[in-house]
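J.: Structure, please.
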Amino acid sequence: DAQEFIRQRAVKAVLDGMPQVLAAKTFAVTRQAVGKWMKAYRSQGKTALVRRKRGPKGECGKLLGWQASAIVNMIRDRHPEQMKIPFVLWTSEAVRRLIKRKLGVELSARSVRRYLHEWGFTPQKPKRVAYERNPEAVTQWLAKDYPAIIARAKREKACVYWGDEMGMRSDHQAGRRYAPKGQTPTRPGTGKRFGASMISAITNRGVLAFMIFSSKFDSNVFLRFAKRLMKQTRRKVFLIVDGHPAHRSAATRAWLEANADRIEMFFLPAYSPELNPDEMLNNDVKQSAIGRKSPRTRTAMMRTVRGYLNKKRGEPEQVRRYFHESSVLYAAG
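T.: Got it, this is the predicted structure:
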């Protein structure tokens, strides 16, 4: 309404003798806009100045309801390669080509992005999934294996831990920084690269156990951590881990057999790190304790990570939040 009012006032002022340049300055618009309004007024009269709906016209632009539903189902259920679209992910350009190929409708990239927004799609960073992953094994884990572990844990009053190991590097960087356009920001730090490792285990009740070390991770390191874990609780320990060789070594199996009354180990499906809540802790440590710091020595880096984890250990609610991620929500109860 305000824009229509300005158009009418500007045109009237010009018709009354005001120069277009002065009218543009008076009504705080461009001279080109005033010239466009005058041209439209002279060809169409006052109707050219009335307000109109902006943006795409019609209910769904160029796509009918059934067409939009068909495209949404294709995007949700299939990958671009399955639809013979030369893209790995569903980008706006990939969706634009899909619409053209399947429906024969030519849309601009802007219109496709608008459709995606209306359909509830947002641009997101994809999670990496290994080709070797077995979907059937994941389904069985979620439907049978894990529920059986929980049922046993309740009967035997065991404590269920989720464990994992992670390597840490001094040159890891997280987050973004503002800087003038074209001037890449710099981050001061030592030119020497060094690393360390971390092994940890968490429960959905907020218990956190960890160990920082600089040696190579093997069965000896793992067993040292497992012994610490047993001392931390009087209850039997159910430890869920991945299939790392240190977890399956002969030394580890022998030790587990000798301590079967105190600890048992269970394995996640292969190539499925997203099912492990302890991965959320790993990501948090990389982002907050390493990526935003600039350690000068390995000792300093290990001290920083140890301090961060000690703080987390005193905040059970923060540890429980690692189980709120959608991929591990099944383990929160």
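J.: switch to C-alpha atoms for all contacts and neighbour counts from now on
T.: Fine.
J.: Near the closest residue to M280 other than its chain neighbours, how many other residues are there?
T.: Computed as CA to CA, 6 or more residues apart in numbering, the closest residue to M280 that is not its neighbour in sequence is Y322, at 5.6 Å. By the measure other CA atoms under 10 Å, the count of residues near Y322 is 23.
J.: Repeat that for Q140.
T.: For Q140, the count of nearby residues is 12 (other CA under 10 Å).
J.: what's whichever helix or strand it is part of in contact with?
T.: In the assignment (DSSP states H and E), Q140 maps to helix 135-140. Outside helix 135-140, the residues that touch it by CA atoms under 8 Å, 6 or more residues apart in numbering are P269, S272.
J.: Now that helix: buried residues?
T.: Buried residues in helix 135-140, counted by 16 or more other CA atoms under 10 Å: V138.
J.: mind checking the backbone torsions on the residue nearest to M280?
T.: In terms of degrees, to the nearest 10, the main-chain angles of Y322 are phi -60, psi -20.
J.: do S197 as well
T.: When read as degrees, to the nearest 10, the backbone of S197 gives phi -130, psi 160.
J.: one step back: helix or strand right after the helix holding Q140?
T.: With elements assigned by DSSP H and E, the helix or strand that comes after helix 135-140 is helix 146-156.
J.: what angle separates whatever helix or strand comes next after that following helix from helix 146-156?
T.: As assigned by DSSP H and E, the chain's next helix or strand after helix 146-156 is strand 159-169. Angle, strand 159-169 to helix 146-156, by axes from the mean of the first three to the mean of the last three CA atoms, to 10 degrees: 120 degrees.
J.: Name the strands paired with strand 159-169 and say parallel or antiparallel.
T.: strand 195-202 (antiparallel), strand 237-241 (parallel) (DSSP bridges).
J.: now the last one: mean pLDDT?
T.: What that stands for is strand 237-241. Averaging pLDDT along strand 237-241 gives 98.
J.: Report the buried residues of whichever helix or strand comes after that strand.
T.: For strand 237-241, the following helix or strand on the C-terminal side (DSSP H and E) is helix 245-248. Residues A246, H247 are the ones in helix 245-248 that count as buried (16+ other CA under 10 Å).
J.: just for the stretch 151-300 of the chain, where's the confidence low?
T.: Within the stretch 151-300 of the chain, the segments meeting pLDDT under 70 span 172-179, 181, 183-191, 292.
J.: Look up the closest residue to R97, ignoring the ones flanking it.
T.: Nearest non-adjacent residue to R97, counting by CA to CA, 6+ apart: I85, 7.3 Å away.
J.: For L239, give me its contacts.
T.: The contact partners of L239, by CA under 8 Å, 6+ apart, come to V160, Y161, W162, G163, I263, E264, M265, F266.
J.: So which elements touch the longest helix anywhere in the chain?
T.: Secondary structure of the chain per DSSP state H: the longest helix is helix 298-313. Using 3 or more CA pairs under 8 Å, 6 or more residues apart in numbering; DSSP states H and E as the contact test, the elements touching helix 298-313 are strand 195-202, strand 208-213, helix 316-320.
J.: Just name the most buried of these.
T.: Mean neighbour count (mean count of other CA atoms under 10 Å) peaks for strand 195-202 among the helices and strands packed on helix 298-313, with a mean of 21.
J.: Please save the CA atoms from it in CSV.
T.: Written as CSV, here are the backbone C-alpha positions of strand 195-202 (Å, rounded to 0.1, in the frame of the first residue of the first chain):
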residue,chain,number,x,y,z
GLY,A,195,49.2,-35.8,17.9
ALA,A,196,47.7,-37.9,20.7
SER,A,197,44.8,-40.3,21.1
MET,A,198,41.8,-40.6,23.3
ILE,A,199,39.7,-43.6,24.4
SER,A,200,36.4,-43.0,26.1
ALA,A,201,33.1,-44.6,27.1
ILE,A,202,29.8,-43.0,28.1
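J.: could you check the angle strand 208-213 makes with it?
T.: For strand 195-202 against strand 208-213, the angle by the same axes, to 10 degrees is 160 degrees.
J.: Okay, angle between strand 195-202 and helix 298-313 too, please.
T.: Per the same axes, to 10 degrees, the angle that strand 195-202 makes with helix 298-313 is 10 degrees.
J.: hmm, who's touching strand 195-202?
T.: The contact list for strand 195-202 (CA under 8 Å, 6+ apart) reads 161-170, 208-215, 217, 225, 277-278, 298, 302, 319.
J.: Go ahead and build a ChimeraX selection from the buried members of the residues you listed.
T.: Typed into ChimeraX, the line below selects the buried ones among the contacts of strand 195-202, using 16+ other CA under 10 Å:
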select :161,162,163,164,165,166,167,168,169,170,208,209,210,211,212,217,225,277,278,298,302,319
